[in-house]
Structures are given as C-alpha cells and as structure tokens.
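S.K.: coordinates only, no sequence provided:
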C-alpha cells in the first residue's frame, strides 16, 4: 500500500513536473522562431529581451549561440538552429536541447546578424539568468557583468542569490553587484551610503567608473560619500600606476634584452657591426610560423607545444645562416668595420627580400598557445601571460649564455680570443673556428629571440628592422663586451622609456631616451660597464 | 692617322644608324600598345600592403586585354619598384612618364609618397590614380582620388558610434600613428566632435611612432580613460605593422568590443590575416568595401582574384576595389575621349560612372573624388568583416573639410571655366591654402 502510494506520488510529480515545462518549452520555441522574421538589430533585440524575460535557464544555449554568431536560419523552412562548424558544412543543433538535428551547407543558411549592442544585451540577460548556475566560474562571470550594468531590477534576484550562495568569493562579488544596483536605484539614502562603501571597498577601475556616474547624478550626502570614495580610489590607483609602469618597463626591458643579447655576442664580444642581426630574429620568427603550420596540418593536438618545438629549430636555422654569413663574408672583413657594416646591411636586405619572395609580403599568422593568452590580476595590475613568459624566457636565455661563456671550455676559448687573439692562437686555439662558432651562437640566440617575439609582434619580412636600432642602443649603453651590461642596459632603458611614455607620449618618450643615451655616451664612451684590458685597444 | 679617323667616322655612323633603328623600333612598339604605369612598393616597409595592389592592377589589365584591349590596342603594364622610399617615388614616376611614355599611372599608398610625386605629375602632365583613403585637404588636376576622403570614412564612422546602434559613445580616444594622415584626420574629428557638443576633457588624442610594438602603456591608458562612467570608444588611425601588436595587446588585456569598441580606418582584411581574430570580434572598421559584401560583382571579382593569384586564401580589400573602380573609369574616359592623351582624358574623366563592387555605381566628381557608399563592419572570428551599418545613399568625397577653419571656404572644380582645385568662395579667388 505504501509502495503504491509512493508510486502514485512519483507519477503525479513527474506529470506535474513535465506538463508546465512542456508548455513553457513550446512558448520558448515559438519565441525563438521569431528570430527568422526579425529584420534589423532592434527587431532581433526585442526577441532577445522576450527570451530573457521568460527567466528560463534553457534560453542560455540559443542566446550564447547568437552572441557568438552561431545562430542560423534554414532558408528552406525558416527554422532556427544553433550551428556548429563540421568540416566544410555546418551541423545544425536544436536550439533548446542541443541535439543534432540536421546537416547543411553555408548556402542553405542565413546567419542571424549580431552587433556590439546586441552582444551587450545578451551578456546582461545571461548575467541575470546564470546567477544560480552550478559552475562557480559562471556565477562569478554573471556577478561581474551585473556589477558593470547596474539596474534596480537586479536587486531582488541578487538578494535571493546571496542568500543561497555558499562560495565566499562569489558571495562577495554578488554583494558588490547588489550594491552597484542599489546605488542607481531609488532606495533610501542610508541604503545607498552603505552601497557606496561596499563599492569603494572594491577599489578598482570598474568601481571608479560606477562611482563617477553616481557622483554625477546624486545630491547631498550620497554625492559627498561618492566623491570621497572616488578620491580614495584615485589615490590608491596612483600607487598601482607606478607599479604598473615598473612592470611595463621590466617587460619592455625583457623584449629589448632578448633582441639585444645575440648582438651582445656578435657585436659586443666579437666587435662585428652586424646589421643583419634583426634578420636573424626574423628567421627565428618565420621558423616558428613554419613549425606551427606543420603542426596545424598534421598534429593539431600538439599546438600548445609548438613554441617549445620551434625553439631548437629556430636556433639551428639562424645559427646555420649565421655560420654561412661568417664563413662567406665577414671573415674577410675583420678589422674593417665600415665594410662590415655595409656588407651586413646588404645581407639583411637580401634576407628580407628572400623571405618576401618565399612567404609573400603579408603578415603571417603565428598563434598564441593557450598558456600564453590572456592575463591575470595582481591587485589592480593586469599582467598578461605572454609578457610574463617572455620575461622568464629572456632571463633563462641570459643565464644559459652566461654559463656557456663563463663555465665551459668553449666559452673560455671565446673569451681568450676576445682578450688577445694572437696569444690565444699561440696557445693552440683555432681562432677562425672560434670566430665562426661565436658568430653562429650569437645568430642562434637571435633566432630563439624571434620565437618569443613572434608572440607579440608582426611576423613579416620587416620584423627585424624594428629591433636593430634598439639592440645597438642597449649593447652600446650597457657597455660593449659585457653581458651584465646588456642586462642592466635593457632593463634600465625599458623602465625609463615606460616612465616617460605616460607623460611625454610614445614619440617624444623615444626621442628623450635617445638624447639621454647620447649624453651618457659623451660622459662614458664605453657604456655602463666598460671592459678593461688590452681587448679595448685592439 | 687618317685610317684611324675614317674608322671613327664609320663607327659613329654605324652607331647613329643603330640608334635610329632602335628608336624607330621602340616607337613602333609604343604605337602597338598603350602603356600603363604601376607605381607600388614591392620591397621595404610598405610592400606588405602595396604588392597586392600591383597584382590586382596586372589582373585588371589582363582582363581588359582579354576583352580586346583599349582603342584597338593591347594594354601593357610597366611595373616599377619605388621600394617604400619617398624620394624614389618621384624618380620612378618621372621614369615612367618620360622614358616609358605611360598613358596613366596607378600607384602610391602613403600620403607622403603621393605628396612626393605631385610635382612630377603636374610638370610632365600625366594622370595618377590614388587608391587609398587619405586625409583630404588636396585636389590636384592630375590626380584622381579613388580612395575615401575623411567625410567618406571618418565622419560617418564617428556618427555611427554616436548613434544608439553604435552604443551612444560619449568619450573618445583618438589613437594614431604619428604622420600626416592621422594628424589631419584627428584634427578634423576633434573639430567635428566639438561641433557636436563633446567637451574637450572627453577627448584624448595620442600618437605612437611607425612600427610601434609595445602597446602596454597605451592600452592601459585607454582602459583608464574608459573608466569614467561614460561610454568610451577608440577611433584608431594606427597604420600598418603597428596594428597587429596593438590588437594583440587589446585582446590580452581583455578590452572587449562590447565595453570599449575600437573603430579603425586603416585595418582591412589584409591586416587581419596575420592575427587570431577570436578575441577581437566586434571591433569595428569603416571602409567603402568589405570582402564579405554579398553582390554578384564582388563574387566575380573575388573568384577572378583567386584564379589570378592562384591562392584561394588571399583576401580582397578596399584599396583593391578603389583600383578596380579607377581603372574602369580610366578605360571609359579613354574610350569617351578617343585618345590616351592625358589632357583630353582628364577632361573626359569628370562625370564618368562605373559599377563598384558593393552593388552601386561610383561617379567621378568635378573635384576629382568619387562617390562611394560608407560601410561600417564588425570583425568576425574568421577574419572577415560583417557589415552592421551602411549609408543609405552614396557619399560624395569632400576634399576640403568643412570642419577645419582653413579649408571650410574652399571648393574644387576642375571643369572649365573654373578649373581650380582650391577656389575660395569667400574671396572669389583661386589659390586658397588648406591645413597642410
């Protein structure tokens, strides 16, 4: 008897649970079907609002598909589907269940057009709908959106969400979003003041943005509180700005270091004015491109490893080209700096045009592996992953190079040849080979710098041009022939540059840095860390 | 002695005869074909953009020859490489006109290269077709501007951002590369925005050098400027190579188009080809043509282009359409004039109307600028643009901006009897000066 009753109850529940949702689903489908008839963004937006008003979490699928530009209308019967790329065609999925419905080609379909305004509307709508999502990161995203788009209507759903929330991080964000919504509502003054203090405690740019608009629209105590909070946040942000400048300076310094460190060997240690240095960087970047192309076509799953695979190859390619240049041209020109300058300039033009002929003059796409995309926040400082990795990489290359020069027999021979060529030769060192290998090493290092720079710059035949002047500046400023000088030179130039930029602008900042270097060289012609000994006179 | 002398005379006369023969041979060759000069950089910094234009000109000339040539003669392309070197542009232009005797020249990209060849074209009286959007403030008798003037690109773009569709933008960042085009365009835009009631503190102007690659400070300054509680947009006249690192930094610092859209005037399909556009969806560009425009003319043009270049991944872009329009206009004007004589062709050009690739007709106006539609497009994940707004009719190119105090009274009309590129309507005299 008990069992029967239980079964009956369950049946009732299932029926009771199903019927309204079926009706609701039919309603939703009817609304979604309206996309087919909607012409123009405002008509589409009306349909989006209607869907959002249903409050049903099921509308998330069609709405996010629309935001991503994946909502299609089949021309033959005006049915609306979510599309997914599958080979040459498009797989059509049911907009609510997400189950596969049919296959189609692009010509059978017309896309529901979307613009920034619509994407914003959808994002706001999804924010409210996903407040109770299971995934904490989705709830965080929802809270962040709602903070940016405060609306008095959001207060009640947020109150409910706060009561149900267990994750403290999400709860804090919910409370901030609620405060944002209260600050623009017509709630009593006391509520608003409390809200402002919650927003002020957040203390970031979004909070500042919100408080500025509150300040502009409020009167009395609320306005005073908002102004005080703005002043407080601004003074805090000024500190962060200084920190940010230092970080940007270090990051620019790491790029300069990478670009210059190969030159520190060819020019600094060997004294060859190598104008083709930038082209070695370019060759490294193109090697990365070729490696990525091969990976994309043959082993797409390895894409995140593409840079690691490209590193040794870029080193080899650039080192071999460097070796060929040294054996073919430069060795005949030792001790004739002007001819070396002109010859290597010519080589740089030949390499550029060769790359242009082989790969074409346009930029090539080098993708960022997932671990090098995006950014994370330290306080109010946004640190992008690619810059951080490049800094780590530059320091690693520096450390390895230092080790090779100071701790290996080859490094010893290199330093011996630099210090006193004839004495080294008398001791049985094959100086021509040491020259060739040293030049190859410098070029190879430039090649691996190209792998890193392909992540932040254009991969085009002109890539090297942009770095050659900066590289020479760093090496000369740091002191010719001294690796530590290159390190200190790169970072100090980077930081000075980034501190000047906000005040003087990028153009003037660069000019000021150049003038400073000229003045510095007048005072200390041998740079920061002058090399002492006979090599200097040679 | 005497023997020597006769030998010299013999040699001399032989030389003269040979030279005469050569001259007549080349003269005959010149009669058989009509030469068209192509003056685009194939090496150096600008090769990235200009090489494509050389290729599209070769394609157009091939197609015209397949249709039977012009005035019963075949067209012959003369390609020279000014190597992104501005003074070399002038030298190469002189070589094309004096030595190769071309009937017209299609070329130049940067404004400084155009300025460098202007004196050559007026001195030797030839025709230049200039296919790139530019800052205006110029109208020359010998130049036909088939790219957009500021009112055909910059002003409608700003209007779109100000509209409800574009997000009702209230605060503006004008970000540009430091040279003549961005500086003049931003001057015009600043004056225009102020005339629309935007206060000075809501406009931020910033310039960066050519080929700039470290955008961290600039992008965070934009973020900072955008957090003042008002809807903010960036109008970018950043040119060439600097765009890729700029967009990469925008993507990495998480500036989304829904929050701070970037409207670019120099970023087309070609520039996006070197980028992963996933994080950039929704950022905007204003042009008179997009590859994604769905018209039969455009489809044919793209198919022909892929066939000609033998690579179906190569994109098409706005300056290519400008050359398409310019070349067809020149062909029509030559047919109308019945000769390739530059003077007659220049007179015949005004009023010539040819189909453009966006489904309408472009007409050459008396100020040597053409009528075009203005399209606003949003970047898509596949590197193409999707048109989100289009001017209802065609916009006529206005060479002298109405928003700059120096040039607002100037007009240009190259028809007789006025025949003046800078007529001041206030003083009634020819010879006014614009802003540059």
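M.R.: That came in fine, so what should we check first? Just so you know, these numbers come straight off a predicted model, no measurement behind them.
S.K.: give the helix, strand or coil label for the residue in the stretch 201-350 of chain B that chain A sits nearest to.
M.R.: In the stretch 201-350 of chain B, the residue that lies nearest chain A is residue B:274 (2.7 Å; C-beta to the nearest C-beta). Any C-beta I mention is one placed from the backbone N, CA and C, and that applies to glycine too. The three-state assignment at residue B:274 reads coil, by DSSP: H, G, I helix; E, B strand; the rest coil.
S.K.: dump the residue contacts of residue 179.
M.R.: By default, I'm working from chain A. A:194, A:195, A:196, A:198, A:199 (C-beta atoms under 8 Å, 6 or more residues apart in numbering or on different chains).
S.K.: meant chain B, my bad for not saying
M.R.: B:110, B:111, B:112, B:210, B:239.
S.K.: how close does it sit to residue B:201?
M.R.: Separation of residue B:179 from residue B:201 (C-beta to C-beta, to the nearest Å): 26 Å.
S.K.: could you do residue A:357 as well?
M.R.: 51 Å.
S.K.: now residue B:280. Nearest residue, chain neighbours left out?
M.R.: Spatial nearest neighbour of residue B:280, excluding adjacent residues (C-beta to C-beta, 6 or more residues apart in numbering or on different chains): residue B:379 at 4.9 Å.
S.K.: also residue A:52?
M.R.: residue A:125 (3.5 Å).
S.K.: next: residue B:411.
M.R.: Per C-beta to C-beta, 6+ apart, closest to residue B:411 is residue B:423, 5.2 Å.
S.K.: tell me the secondary structure at the one you found.
M.R.: Relying on three-state DSSP, one would call residue B:423 strand.
S.K.: what about it, how many neighbours?
M.R.: By other C-beta atoms under 10 Å in any protein chain shown, 20 other residues sit near residue B:423.
S.K.: for residue A:457, same thing?
M.R.: There are 26 residues near residue A:457, going by other C-beta under 10 Å.
S.K.: neighbours around the residue lying closest to residue B:125 once chain neighbours are set aside, how many?
M.R.: Nearest non-adjacent residue to residue B:125, counting by C-beta to C-beta, 6+ apart: residue B:342, 5.6 Å away. Neighbour count of residue B:342, defined by other C-beta under 10 Å: 20.
S.K.: ok, now residue A:415?
M.R.: Count around residue A:415 with other C-beta under 10 Å applied: 16.
S.K.: can I assume it is in contact with residue A:407?
M.R.: No - at 11.2 Å, residue A:415 does not count as touching residue A:407 under the criterion of C-beta atoms under 8 Å.
S.K.: buried set for the helix or strand harbouring residue A:42?
M.R.: Per DSSP states H and E: residue A:42 is located in helix A:41-53. Using 16 or more other C-beta atoms under 10 Å in any protein chain shown as the test for burial, helix A:41-53 gives A:41, A:44, A:45, A:47, A:48, A:50, A:51, A:52.
S.K.: ok, the fourth one - contacts?
M.R.: Listed by C-beta under 8 Å, 6+ apart, the contact set of residue A:47 reads A:31, A:32, A:34, A:35, A:38.
S.K.: ok, the last one next?
M.R.: Neighbouring residues of residue A:52 by C-beta under 8 Å, 6+ apart: A:59, A:63, A:125, A:128, A:129.
S.K.: flag whichever of those scores worst on pLDDT.
M.R.: Ranked by pLDDT, these bottom out at residue A:128, which has 77.
S.K.: secondary structure element for that residue, which one?
M.R.: Assigned by DSSP H and E, residue A:128 falls in helix A:116-129.
S.K.: residue in chain A with the shortest distance to chain B?
M.R.: For chain A, C-beta to the nearest C-beta, closest residue to chain B: residue A:363, 2.7 Å.
S.K.: so that residue sits against residue B:269, correct?
M.R.: No - using C-beta under 8 Å, residue A:363 makes no contact with residue B:269, being 11.8 Å away.
S.K.: so what sits against both of those two?
M.R.: Counting by C-beta under 8 Å, 6+ apart, nothing touches both residue A:363 and residue B:269.
S.K.: re earlier: could you report the neighbour count for the residue nearest to residue B:280?
M.R.: Residue B:379 has 26 nearby residues by other C-beta under 10 Å.
S.K.: how about residue B:431?
M.R.: Residues near residue B:431, counting by other C-beta under 10 Å: 11.
S.K.: what sits closest to it if chain neighbours are left out?
M.R.: In space, residue B:431 is closest to residue B:422, 6.2 Å off (C-beta to C-beta, 6+ apart).
S.K.: do residue A:309 as well
M.R.: residue A:291 is the one closest to residue A:309 (C-beta to C-beta, 6+ apart), at 5.6 Å.
S.K.: I'd like to know which elements the helix or strand containing the one you found is packed against.
M.R.: Per DSSP H and E: residue A:291 is located in helix A:277-298. Applying 3 or more C-beta pairs under 8 Å, 6 or more residues apart in numbering or on different chains; DSSP states H and E, one finds that helix A:277-298 contacts helix A:220-263, helix A:306-328, helix A:337-359, helix A:431-453, helix A:465-478.
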